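J.: just the structure for this:
(2 chains)
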Protein chains: 2
Amino acid sequence: MSDKSSLKVVSMGINTHQEPVVYMHKESHICVAEGFSANARLLVRTATTELLATLNVVENHFLGKNQIGLSRIAMQRLHVVEGESVLVEHAPVVDSLRFLRKKIYGHALDQADLNAIMHDISDHRYRDIEIASFLSVCAGSRMNIDEIIGLTRAMVNCGKRLQWSDHEFIYDKHCIGGLPGNRTTPLVVAICSAAGLLIPKTSSRAITSPAGTADTMSTLFKVEFSLPEMQKVVRKAGACMVWGGAVSLSPADDLMVRIERELDIDGEGQLISSVLSKKIAAGSTHVIIDIPVGDTAKVRGPAEADYLAGLFTRVGAACGIHVRCIITDGSKPIGAGIGPVQEAIDLLAVLQCKPEAPRDLRVRGVELAANLFDMADGNGIDAARKKAESLLDSGKAWEQFLLIAEAQGGLKTLPVAQYTAEIKAESAGRIAAVDNRRLARLAKLAGAPMDVSAGLRLHANAGSLVRRHDPLFTLYSESPGERDYALAYYQGNLDMFRIVDDGAP
Amino acid sequence: MSDKSSLKVVSMGINTHQEPVVYMHKESHICVAEGFSANARLLVRTATTELLATLNVVENHFLGKNQIGLSRIAMQRLHVVEGESVLVEHAPVVDSLRFLRKKIYGHALDQADLNAIMHDISDHRYRDIEIASFLSVCAGSRMNIDEIIGLTRAMVNCGKRLQWSDHEFIYDKHCIGGLPGNRTTPLVVAICSAAGLLIPKTSSRAITSPAGTADTMSTLFKVEFSLPEMQKVVRKAGACMVWGGAVSLSPADDLMVRIERELDIDGEGQLISSVLSKKIAAGSTHVIIDIPVGDTAKVRGPAEADYLAGLFTRVGAACGIHVRCIITDGSKPIGAGIGPVQEAIDLLAVLQCKPEAPRDLRVRGVELAANLFDMADGNGIDAARKKAESLLDSGKAWEQFLLIAEAQGGLKTLPVAQYTAEIKAESAGRIAAVDNRRLARLAKLAGAPMDVSAGLRLHANAGSLVRRHDPLFTLYSESPGERDYALAYYQGNLDMFRIVDDGAP
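T.: Numbers count the residues shown, from 1 in each chain, chains lettered A, B, ... in the order given. The predicted structure is shown next:
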């Protein structure tokens, strides 16, 4: 349809993250003949594959007029090597962008619209600004229930879907997050799969928090597996704990998550469809959702929690799965560690029934496991709770955890952060409140979750009594720059620990 | 606050458009020490200036470990030369992003929020995905009247504001667009300033159309002037027609327009504040707004037009200026030319009273000029219409146009497109309708407005009778690739000219 011309590939070695960029000389014959200019969208083709990319026009000596530079992700997606020939032409119109505009202009999207958008996103046809636009106009209660159901189905449709032929029921759990240190997933998986429930658990990396479950688990064993490898782990151990991004159970969601993280938004429709699409694609039939509620948690009040729980249950039912939501206390951090490695330390202590194991983390893990047992056998929550405690205390859960670790390549030694700083209380009194959000931000500024050993270890929490100069927390980071950056933020936000002198001793 | 280290600047010669990008080697000591990774936001500083930029980590031989590559816009904004030393650290938190998130989550923004956002955008602190997010959540009736007023004021506040000491009243006109070929601004400016009205006209380049007034005028004379130069032109000729982007009367708006163009959205609140902020900053007191209405125009029905007119008038009044909206027929293209050069040809024909001058363009120019006269002297629209016609027929408007052209550097010769294609009617009959939107898209695919000579010349319009193989239009482009791309689009959209055989001869 348009003049095509051949260019030789040069690997630029530039990491442009997930948006492929190609570089062409201003005076290259194709730029001139096709009228390409800065930021144009191009279609780059080989005999077997093609790629939509953004053009950066260059005026330097790096590239000749018959060459095309490719960023790292462009090289990967196009499966080319340096020196190979590619054809370049104007990118075709991405048709589903008209549905994006439809949503921008305030109209609801139907199943076909959402299928088209998710299909194009998972095929890498959207630019970062277009994904940012879609996420923004879908955030903040801007999707109705039918759109959330439609989005969930559309996300499932554009990826693979697992079948577990020997099992009628498949179990899963998820916490919507917002509560630093609340790493109950591995406890629930270990306890429940020790009793024979099949749990093919995929977890995400952090979106806006200092650690996602996949970030924490990656410090203990390998979490990146292909889909067939993951199925092999589950057949061996009755459960797995792998990173969802690598198994592509919801590929469109994986691409949207990075932009959500960069914009620091996490919309409700997006949240529900992201969570449930992965459960449905994994073949789950029964799912527990933990919704922590607190002033500085993701969900701030009981009404909001009930509303969200209602949406989760309805969307789940519309998509053919059983969802039970558990609304929990989200007023303060759970456990003592925040950040991947620090949370892994707490987790091992609970599984090994060590004396220093954070009690709050154990109680929450037991409660969620009990709910999953109750959904499975219907014998009531009291019996289920006893069953969960006994599996933990007898060491059966720890044994099962080691079995999973073994199936995933064996337990690793936790790395230790290079830089630490101990922060002390400025005054004496009772800690009346801890700000989850600012604490999470502090851990992120220290380098979590990218640097797995970065984060915090709390020596006091809401309710604790402290004397002046008692240690409040230790900060861990892998570079002096990040340590200093985090400390400067803390100095400007001392009230993230609200210490009141109310006459307590 | 964090470790600062010095790096030597390398000019990468890469055009990353308006988002500054810096390139650093993966193993550079700063990347390692500060924990910088792909797409991190950095603050780059010299002794006198600083810049927020996005990091692209490189793993190649272009850069040494003590070097930092800068994209073209990064070089420009930081005012550095190759080899100069700069300091790099983590970018500070951009505080107004919390107001962006407030809007994403559905809360209205107040004046202080909007001031902060516009201030940070005009200071280049927002990334493209953040601007895309802001525009998307403000589009489609998502701003209330107070927010539109607030946004207008915020846009004025972050730029310069002109004073015209000798004149009490300053005039201006604007068309909200959506109608190909509707280039009345230069007619109104020439006619009204010939009668002594002061019109410091700034125009925009196209947002989603194949030509903005500034694109068209740039083919006739220079339109890029600094603010003092623009004021000199107005003092000399009583009017000007310059590109608004170069005089920075609403710098935040100029930065948002590119993203609006790339997303192909043009929200109502954004539209009103973009238009009025520039008029207010230019010192205008009386403004005419042309709102074309038609099935395929930007505004599709009279109710929508009245609503928009009401908003324009109220926002204008709240900001202390008089706004009169004129709702006009937007059912078909105006004139025969579409694209910068083709529209300039029509314009000159009208000013020179040539027999081939498109009558519809003349009539609309006269009507708008008459309304401005009526606002100015209150003598009624009939007298005003006669005055406008007489200024055009006597050659006084053309003389005044030449005076302005002279003050802006002299009239240029119009360039001629290298590639043309004549498109003929597929069947005989009456043209019942022409689709403005698809016609505009066709002209854009041919290369307009970036290639000024690209576009279309209509040989028939809605209402015309055509025989089979009569010419419908000529397509102009500056590259064979774009010509073929546009023709392929036309072949897939033959019904953009709806020809009906209703028995007419």
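
J.: now whichever strand or helix holds residue A:10: mean pLDDT?
T.: According to DSSP states H and E, residue A:10 maps onto strand A:5-11. pLDDT averaged over strand A:5-11 equals 88, rounded to a whole number.

J.: put the alpha carbons of it into PDB.
T.: The C-alpha atoms that make up strand A:5-11 are tabulated as PDB, following Å, rounded to 0.1, in the frame of the first residue of the first chain:
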ATOM      1  CA  SER A   5      12.100   0.200   1.800                       C
ATOM      2  CA  SER A   6      14.600  -2.000   3.400                       C
ATOM      3  CA  LEU A   7      16.900  -0.800   6.300                       C
ATOM      4  CA  LYS A   8      19.700  -2.600   8.200                       C
ATOM      5  CA  VAL A   9      19.100  -3.100  11.900                       C
ATOM      6  CA  VAL A  10      21.500  -1.600  14.500                       C
ATOM      7  CA  SER A  11      21.000  -2.600  18.100                       C
END
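
J.: buried ones in it, by neighbour count?
T.: Residues of strand A:5-11 classed as buried under the neighbour-count rule (16 or more other C-beta atoms under 10 Å in any protein chain shown) are A:5, A:7, A:9, A:10, A:11. All C-beta atoms are positioned from the backbone trio N, CA, C, and that covers glycine.

J.: for that strand, name the packing helices and strands.
T.: Secondary-structure packing of strand A:5-11 (3 or more C-beta pairs under 8 Å, 6 or more residues apart in numbering or on different chains; DSSP states H and E): helix A:29-34, strand A:67-70, helix A:72-78, strand A:85-90.

J.: which other residues reach that strand?
T.: A:23-24, A:28-30, A:33, A:62-63, A:66-70, A:72, A:75, A:80-88, B:60 (C-beta atoms under 8 Å, 6 or more residues apart in numbering or on different chains).

J.: show the buried residues in the residues you listed.
T.: A:23-24, A:28, A:30, A:33, A:62-63, A:67-70, A:72, A:75, A:80, A:86-88, B:60.

J.: in contact with residue A:442, which residues?
T.: Shown here is residue A:442, whose contacts under the criterion C-beta under 8 Å, 6+ apart are A:456, A:475, A:486, A:489, A:490, A:493, A:496.

J.: chain B next: which of those residues are close?
T.: Among the contacts of residue A:442, no residue lies close to chain B (C-beta under 8 Å from any C-beta of the partner chain).

J.: and those as JSON lines, adding secondary structure, pLDDT and neighbour count?
T.: Formatted as JSON lines, the contacts of residue A:442 follow (DSSP: H, G, I helix; E, B strand; the rest coil; pLDDT from 0 to 100; neighbours: other C-beta atoms under 10 Å in any protein chain shown):
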{"residue": "A:456", "secondary structure": "strand", "pLDDT": "96", "neighbour count": "28"}
{"residue": "A:475", "secondary structure": "strand", "pLDDT": "97", "neighbour count": "26"}
{"residue": "A:486", "secondary structure": "helix", "pLDDT": "92", "neighbour count": "27"}
{"residue": "A:489", "secondary structure": "helix", "pLDDT": "90", "neighbour count": "18"}
{"residue": "A:490", "secondary structure": "helix", "pLDDT": "94", "neighbour count": "22"}
{"residue": "A:493", "secondary structure": "coil", "pLDDT": "92", "neighbour count": "14"}
{"residue": "A:496", "secondary structure": "helix", "pLDDT": "93", "neighbour count": "19"}
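
J.: return the member of these nearest to residue B:238.
T.: Using C-beta to C-beta, residue A:489 is the member of the contacts of residue A:442 that sits closest to residue B:238, with 56.2 Å.

J.: can I assume the closest one is in contact with residue A:444?
T.: No - here residue A:489 does not reach residue A:444: they are 9.6 Å apart, not a contact under C-beta atoms under 8 Å.

J.: near the residue lying closest to residue A:265 once chain neighbours are set aside, how many other residues are there?
T.: Excluding its sequence neighbours, the residue lying closest to residue A:265 (C-beta to C-beta, 6 or more residues apart in numbering or on different chains) is residue A:139, at 5.2 Å. Neighbour count of residue A:139, defined by other C-beta atoms under 10 Å in any protein chain shown: 25.

J.: show the pLDDT at residue A:139.
T.: The confidence metric pLDDT takes the value 91 at residue A:139.

J.: pull the CA coordinates from the helix or strand bottoming out on mean pLDDT in chain A and hand them back as CSV.
T.: For chain A, counting by mean pLDDT, DSSP states H and E, helix A:29-34 ranks last in confidence among helices and strands (a mean of 72). Once side chains and other backbone atoms are set aside, the C-alpha atoms of helix A:29-34 remain, and they are given as CSV (Å, rounded to 0.1, in the frame of the first residue of the first chain):
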residue,chain,number,x,y,z
HIS,A,29,15.9,7.9,2.3
ILE,A,30,12.8,6.4,4.0
CYS,A,31,12.3,9.4,6.3
VAL,A,32,12.4,11.7,3.3
ALA,A,33,10.3,9.5,1.0
GLU,A,34,7.6,8.6,3.5
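
J.: quick one: buried residues of the helix or strand just after it?
T.: In the C-terminal direction, the helix or strand that comes right after helix A:29-34 (DSSP H and E) is strand A:41-45. Neighbour counts over strand A:41-45 (16+ other C-beta under 10 Å) mark A:41, A:42, A:43, A:44 as buried.

J.: do stretch A:297-317 as well
T.: A:297, A:298, A:299, A:305, A:308, A:309, A:311, A:312, A:313, A:315, A:316.

J.: and if you look at stretch A:193-201?
T.: A:193, A:194, A:195, A:197, A:198, A:199, A:200, A:201.

J.: re the thing from before, correct me if wrong: the residue nearest to residue A:265 contacts residue B:103.
T.: No - in terms of C-beta under 8 Å, residue A:139 does not count as a neighbour of residue B:103; the distance is 10.0 Å.

J.: what touches both of the two?
T.: With contacts taken as C-beta under 8 Å, 6+ apart, the residues that reach both residue A:139 and residue B:103 are residue B:137.

J.: partner residues bridging the residue lying closest to residue A:46 once chain neighbours are set aside?
T.: By the measure of C-beta to C-beta, 6+ apart, the closest residue to residue A:46 outside its immediate chain neighbours is residue A:86, 5.6 Å from it. Legend: beta-bridge partners of residue A:86 under DSSP bridges are residue A:7.

J.: distance of residue A:86 from residue A:75?
T.: Between residue A:86 and residue A:75 the computed distance is 11 Å (C-beta to C-beta, to the nearest Å).

J.: what's the answer for residue A:429, then?
T.: Relative to residue A:75, residue A:429 is positioned 58 Å away (criterion: C-beta to C-beta).

J.: for the stretch 51-200 of chain A, which residue gets nearest to chain B?
T.: Here the residue of the stretch 51-200 of chain A nearest chain B is residue A:60; by C-beta to the nearest C-beta that distance is 3.3 Å.

J.: sorry, slip of the keys, the one I care about is the stretch 351-500 of chain A.
T.: residue A:481 (3.6 Å).

J.: assign that residue to helix, strand or coil.
T.: Classification of residue A:481 by DSSP: H, G, I helix; E, B strand; the rest coil places it in helix.

J.: before we move on, what about residue A:404?
T.: Assigned state for residue A:404: helix (three-state reduction, three-state DSSP).

J.: and the residue found closest to it once you drop the neighbours it is linked to in the chain, what does it touch?
T.: For residue A:404, ignoring the flanking residues on the chain, the nearest one in space by C-beta to C-beta, 6+ apart is residue A:237 at 4.6 Å. Shown here is residue A:237, whose contacts under the criterion C-beta under 8 Å, 6+ apart are A:193, A:400, A:403, A:404, A:406, A:407.
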